[in-house]
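Visitor: need a structure here:
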Amino acid sequence: MSLADRITREKMFANDDFSQWLGIEILETGEGKSKLQLTVRPEMTNGMDIAHGGISYSLADSCFAFASNSHGRQAVSIETSISHTAKVYSGDTLTAEATELSKNHKIAVYSIEVKNQNDLIIGLFKGTVYISSKEWFPETK
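Guide: Okay, the predicted model is just below:
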């Protein structure tokens, strides 16, 4: 199992009750990347019978967290934003995929595309993290 996969599965997802409640499935992990999926349930919709914007945001945010922590050091979000580009309905399957845009010793920037089952982009998320000096697995150093 790769370091990125160990961090995502053993340290982060295993203790992330919210991502588990969302029904997130981990499709892929790697250094600086992550790919997640969930199916929108009826209780995730709002009064307009479309998915609450927080659902796609939360999926993208989890994808962002897993990707940004994949290098071995703990990273925390310092800025995020999302553009909702299409409606999402109960029963839709959403897939979020993170791409690392830039990274230095202390700051990294990620882009996350969220698509539905028809490969339509429904959300564009951008996030910046602060990278701490704290290691996820210090005992391996």
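Visitor: for this protein, which segments are assigned as helices?
Guide: 3-6, 17-22, 53-68 (DSSP state H).
Visitor: pick the most deeply packed of those helices.
Guide: With neighbours taken as mean count of other C-beta atoms under 10 Å, those reach their highest mean count in helix 53-68, at a mean of 24. C-betas here are computed from N, CA, C, even on glycine.
Visitor: what is the mean pLDDT for it?
Guide: Helix 53-68 shows a mean pLDDT of 98.
Visitor: flag the shaky bits of this protein, pLDDT-wise.
Guide: 140-141 (pLDDT under 70).
Visitor: could you point out the longest strand in it?
Guide: strand 121-135 (DSSP state E).
Visitor: what's the angle between that strand and helix 53-68?
Guide: Strand 121-135 and helix 53-68 meet at an angle of 40 degrees, taking axes from the mean of the first three to the mean of the last three C-alpha atoms, to 10 degrees as the criterion.
Visitor: give me the most central residue, the chain.
Guide: Note on the chain: the residue nearest the mean C-alpha position is Cys63, at 1.3 Å, using C-alpha atoms, centre = their mean.
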